[in-house]
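*Asks:* Below is the structure, and that's it, no one-letter string:
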């Protein structure tokens with residue numbers, strides 16, 4: 001497989017990933033149009049589903065980000081055919097898979113590697129996958145995944161850092177998830193499409209990417225009803241066939257650019273989106289004082305002055321997404337009055353607060369709630385991205401701040417945002433990806449005056 005992604009090229013050249021930084025000169029309103037790529041979280045489940053057929057599946061609108069490319073490497077390592085047709089189109093064929101053990105240094109760094117468990121359990125009745133990594137934003141146990149597999153007749157154990165699932169016969173079952181989990185919903189759904197009989201999943205996640213994975217599987221011949229509701233019914237089929245499918249737009253990437261427009265008092269039209277998926281974000285932006293216009297496949301955000309305070313609580317879809325919580329904190333840090341954000345999904349999602357406070361924000365965390373006293377302006381500083389979405393939030397803060405900001409550990413950000421700096425520059429943002437002190441000094445000299 002010829003992986004032409006920017007990440008693969010850099011890694012092959014031996015670049016030290018941890019040295020990557022963004023350097024930002026703040027103060028420019030973001031203005032213009034930006035196109036949104038495919039949804040990373042949908043694409044990860046879709047890639048796993050695609051290898052369940054013994055025919056070719058062509059996937060379009062795949063984002064060229066690290067998590068996707070790492071999973072493609074793992075899939076290729078299993079023996080599957082992986083052929084990149086273009087930067088955003090990949091052909092997969094699972095007929096040549098011979099290795100049901102997925103264990104390498106890269107796969108351990110991403111969360112969604114566990115989708116290969118459901119896919120391979122359904123198709124081959126056996127899989128071994130490294131315990132997943134990803135961002136350290138709190139406890140994300142896999143007990144609901146394993147509960148679902150066991151209910152369908154599989155053994156599921158954790159052994160020597162590997163999750164091992166195995167069965168002689170996979171049977172449909174009635175499964176009630178003890179908590180709403182996107183990962184468990186998708187993973188058990190993957191396994192169930194090739195199980196004997198009917199599987200009923202209750203208390204399911206309703207996120208758009210759950211629906212997208214189900215739509216791909218149905219395009220491949222699965223029989224899934226109810227995706228997008230809290231009850232999904234799956235009638236198992238003997239086999240899946242090839243398909244040609246396009247991944248939905250990324251609602252979190254879209255939201256990040258919408259919030260960047262608001263924070264910098266800009267005017268940005270975010271294109272190639274599904275406005276319905278963004279309703280909880282657009283409603284909050286309007287509430288705090290932004291002008292938001294919705295079109296068939298675009299949303300325009302205009303911010304003309306200082307915004308007002310709000311109260312936020314993260315909830316499963318269609319509630320306010322936890323993946324947009326850090327970006328919202330930046331907006332509220334610059335808004336008038338006192339705001340609160342309550343994080344109900346992950347317990348470690350406020351690690352960015354210390355970094356924002358370095359830039360002058362006034363945020364205090366009490367338990368799972370952040371109390372934010374708005375200030376007129378942030379100041380540039382040297383900060384470190386603690387995870388993917390917090391990293392994006394710190395970039396937004398840097399774009400809105402007075403002076404120069406450097407954001408370190410941007411490897412997290414590159415896991416989930418394609419051409420992030422390039423897209424921001426197209427909107428007038430002054431941002432560069434740098435790897436050395438010399439490049440930092442060059443940037444500073446170019447923006448003086």
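*Replies:* That came through, no problem. For clarity, every value in this text was computed on a predicted model and none was experimentally measured. Numbering: from 1, shown residues only.

*Asks:* Who is residue 404 paired with across the strands?
*Replies:* Judged by DSSP bridges, the bridge partners of residue 404 are residue 25.

*Asks:* check contacts around it.
*Replies:* 23-26, 380, 444, 447 (Cβ atoms under 8 Å, 6 or more residues apart in numbering). Where C-beta positions appear, they are placed from N, C-alpha and C, glycine not excepted.

*Asks:* Kindly report the same for residue 42.
*Replies:* Residue 42 sits next to 208-209, 212-213, 247-248, 250 when contact means Cβ under 8 Å, 6+ apart.

*Asks:* repeat that for 7 Å
*Replies:* Under the criterion of Cβ atoms under 7 Å, 6 or more residues apart in numbering, the contact partners of residue 42 comprise 209, 212-213, 247-248.

*Asks:* wait, which of these is closest to residue 163?
*Replies:* Proximity of the contacts of residue 42 to residue 163 (Cβ to Cβ) peaks at residue 213, which lies at 19.5 Å.

*Asks:* Which helix or which strand is home to that closest one?
*Replies:* Following DSSP states H and E, one finds residue 213 within helix 208-219.

*Asks:* which residues touch that helix?
*Replies:* Helix 208-219 is contacted from outside by 39, 41-42, 45-46, 49, 182, 185-186, 189, 193, 224, 227-228, 243, 245, 247-248, 251, 277, using Cβ under 7 Å, 6+ apart.

*Asks:* how much space between residue 148 and residue 156?
*Replies:* Distance from residue 148 to residue 156, counting by Cβ to Cβ, to the nearest Å: 9 Å.

*Asks:* ok, and the most crowded of the contacts of residue 42?
*Replies:* Counting neighbours by other Cβ atoms under 10 Å, residue 213 leads the contacts of residue 42 with 30 neighbours.

*Asks:* Please tell me I have it right and residue 87 contacts residue 64.
*Replies:* Yes - between residue 87 and residue 64 there is a contact at 5.3 Å, judged by Cβ atoms under 7 Å.

*Asks:* These two: which is more packed in?
*Replies:* More neighbours sit around residue 64 than around the other of residue 87 and residue 64, counting by other Cβ under 10 Å; the figures are 20 against 14.

*Asks:* helix, strand or coil for that one?
*Replies:* Classification of residue 64 by DSSP: H, G, I helix; E, B strand; the rest coil places it in coil.

*Asks:* again, but for residue 82
*Replies:* Secondary structure, three-state DSSP: residue 82 is strand.

*Asks:* can you map out the helices along the stretch 151-300 of the chain?
*Replies:* Under the criterion DSSP state H, counting those that start in this stretch, the stretch 151-300 of the chain carries helices at the ranges 182-192, 208-219, 251-263, 279-287.

*Asks:* Just tell me which of those ends up closest to residue 367.
*Replies:* Across the helices of the stretch 151-300 of the chain (criterion: Cβ to Cβ), the nearest stretch is helix 279-287, sitting at 22.1 Å.

*Asks:* ok, back up a step: between residue 148 and residue 156, which one's more packed in?
*Replies:* For residue 148 against residue 156, the residue with the higher neighbour count under other Cβ under 10 Å is residue 148, and the figures read 26 against 22.

*Asks:* Kindly provide the whole-number mean pLDDT of the helix or strand harbouring the more buried one.
*Replies:* According to DSSP H and E, residue 148 maps onto helix 143-151. When pLDDT is averaged along helix 143-151, the result is 96.

*Asks:* which helices and strands does the strand or helix carrying residue 69 pack with?
*Replies:* Using DSSP H and E, residue 69 sits within helix 66-77. Using 3 or more Cβ pairs under 7 Å, 6 or more residues apart in numbering; DSSP states H and E as the contact test, the elements touching helix 66-77 are helix 6-12, helix 40-50, strand 81-86.

*Asks:* try it again with 10 Å
*Replies:* The criterion is 3 or more Cβ pairs under 10 Å, 6 or more residues apart in numbering; DSSP states H and E, and the helices and strands that helix 66-77 contacts are helix 6-12, helix 40-50, strand 81-86, strand 89-93, strand 101-102, helix 115-124, helix 411-414.

*Asks:* which of the ones you listed sits most buried?
*Replies:* Stretch with highest mean neighbour count among those: helix 40-50 (a mean of 28; mean count of other Cβ atoms under 10 Å).

*Asks:* State the mean pLDDT of that helix.
*Replies:* The model assigns helix 40-50 a mean pLDDT of 97.

*Asks:* Can you pull the phi/psi pair for residue 386?
*Replies:* Backbone torsions of residue 386, given as degrees, to the nearest 10, read phi -80, psi -20.

*Asks:* show me what contacts it?
*Replies:* Residues near residue 386 by Cβ atoms under 10 Å, 6 or more residues apart in numbering: 135-137, 326, 348-355, 393-394, 409, 412.

*Asks:* Many thanks, we can stop here.
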